[in-house]
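J.: got a sequence here, can you model it:
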Amino acid sequence: METGHKSARILGRAIATGALLLCAFPHTARCQITPEQVAELRNVIGDRIEALTILGGDFGLAGGTFRSTGKFQFAQNTSASLSVSKLGGAGDIGDPQPVFGLNVGWQPSLQGNMGATHASTTVQSGQLAGDVSKLDAKGIEFGGGARFWLTDRFSVAPSIMGLYGRSTESYTANSAFMRANLPAAEQLGLVNWSVDTVTVVTGAGFQYILNWNRTLITLTSTPTFFDTESVKSSNANVYVKGTSGILANEVDVDIPLGIEFLHHELRTGGYFLRSDLYGGLKTGLNEDYIYEAHGRIVLDFLNQLWKVKYLGIGASYLWGPNITGWTAGIDAVFRF
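T.: Residues are numbered from 1 along each chain as shown. Sure thing, here's the model as predicted:
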């Protein structure tokens, strides 16, 4: 099984949470939001919950610290931050075994992840200036599937997983406007709520391996689909029912250097990854796609240290239409 950890520090305007939703209130002494606005805002809340649950709970997306400032929906100046912590792993177990005498091999695969997301948004101008919205989301994911080797180089790995999430929003009303309208906003389900969700995650990884001398080049394309629905809510007006998708295309290069350090061979390499986002994930994060360029330097421990294949350090640069960022940490791969 291969496991890894990713963390990122990203600047952009991807995350706008509960405080932004309230900017649709008319500038009067009391809340007079229309039914059409309420429906629109509830859809936005649902997309936010779905996106943040997937971001923290699913193993496929990088965790880290996101920050953004500027004008968002409803022309309010805000300052938003998001931190994501996660621990998980994914990979194949054992060596390929024949399938019913066919010229096809298979391996069981497992994937699991635990993550927590904390988002905070402060309104800096307008009638809501000084108000703060905080959203905390926790998720746990587990599942697996199998990898089928159709040739020595090409394999397909279908999988199915379950992701359980809990999201809680708390609103601090510092503005006179929201102090007067807070009970109405709570009744509408726009602030101070909690909701539990269940997500069914299905995917299939298509992988092709190339060898050039001792250099290993791995091409991977992985479409993943998320179907999210709320199962419990503190307010009947807060609910989630949406679908999302990620199409991740990656080129990974692994280069043995033929140089020993501490009695282990040095290896270098990295990957280039593009993740296209769809559905609620795209809307909730306000991103169409994210690129990641990753480099690493590691020591080869295969057959020398328990199940460790290699261990070292790596770093990435990430960017998209609205974000830039970086990640650095330990690169570790295990083989079971």
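
J.: quick one: contacts of stretch 262-271?
T.: Contact with stretch 262-271 is made by 250-260, 292-301, 304, 310, 312, 314, as judged by CB atoms under 8 Å, 6 or more residues apart in numbering. For every residue, glycine as well, the C-beta is placed using N, CA and C.

J.: got the buried residues for it?
T.: 264-271 (16 or more other CB atoms under 10 Å).

J.: confidence-wise, which of these comes last?
T.: pLDDT across the buried residues of stretch 262-271 is lowest for His264, at 80.

J.: got the contact list for the residue nearest the centre of the chain?
T.: Centroid check for the chain by CA atoms, centre = their mean gives Leu55 as the closest residue, at 2.6 Å. Going by CB under 8 Å, 6+ apart, Leu55 touches 61, 63, 84, 115, 117, 281, 285.

J.: out of those residues, the closest to Phe225 would be?
T.: Ranked by distance to Phe225 (CB to CB), the contacts of Leu55 are led by Leu281 at 10.5 Å.

J.: so who does the nearest residue to the closest one once chain neighbours are set aside touch?
T.: Counting by CB to CB, 6 or more residues apart in numbering, Leu281 lies nearest to Ser244, which is 3.7 Å off, once chain neighbours are set aside. By CB under 8 Å, 6+ apart, Ser244 lies in contact with 50-51, 54, 225-226, 228, 277-282.

J.: after the helix or strand harbouring Ser244 comes which helix or strand?
T.: Assigned by DSSP states H and E, Ser244 falls within strand 241-261. On the C-terminal side of strand 241-261, the nearest following helix or strand under DSSP H and E is strand 264-278.

J.: tell me the angle that following strand makes with strand 241-261.
T.: 160 degrees (axes from the mean of the first three to the mean of the last three CA atoms, to 10 degrees).

J.: got the contact list for the helix or strand following strand 264-278?
T.: Once the chain leaves strand 264-278, the next helix or strand it forms, by DSSP H and E, is helix 279-285. Under the contact criterion CB under 8 Å, 6+ apart, helix 279-285 has outside partners 14-15, 44, 46-52, 54-55, 226, 228, 242-246, 277, 288.

J.: can we see that at 7 Å?
T.: 14-15, 46-48, 50-52, 54, 226, 242-246, 277, 288 (CB atoms under 7 Å, 6 or more residues apart in numbering).

J.: parallel or antiparallel, list what pairs with the next helix or strand after that helix.
T.: Where DSSP H and E defines the elements, the next helix or strand beyond helix 279-285 is strand 289-300. Applying DSSP bridges to the sheet, strand 289-300 is found paired with strand 264-278 (antiparallel), strand 308-319 (antiparallel).

J.: and strand 289-300, what's buried?
T.: Per 16+ other CB under 10 Å, strand 289-300 contains these buried residues: 290, 292, 294, 296-300.

J.: how near is Lys241 to Glu50?
T.: 9 Å (CB to CB, to the nearest Å).

J.: higher neighbour count, these two?
T.: Taking other CB atoms under 10 Å, Lys241 and Glu50 do not tie; Glu50 has more neighbours (31 against 12).

J.: so which helix or strand takes in the more buried one?
T.: Using DSSP H and E, Glu50 sits in helix 35-57.

J.: what do you get for Leu87?
T.: Per DSSP H and E: strand 77-92 holds Leu87.

J.: could you check the angle that strand makes with strand 308-319?
T.: 150 degrees.

J.: helices or strands up against strand 77-92?
T.: helix 35-57, strand 63-71, strand 105-123 (3 or more CB pairs under 7 Å, 6 or more residues apart in numbering; DSSP states H and E).

J.: try 10 Å this time
T.: Secondary-structure packing of strand 77-92 (3 or more CB pairs under 10 Å, 6 or more residues apart in numbering; DSSP states H and E): strand 7-12, helix 18-21, helix 35-57, strand 63-71, strand 105-123, strand 132-149, strand 154-172, strand 323-334.

J.: which parts of that strand are buried?
T.: Buried residues in strand 77-92 (16+ other CB under 10 Å): 78, 80-86, 88-92.
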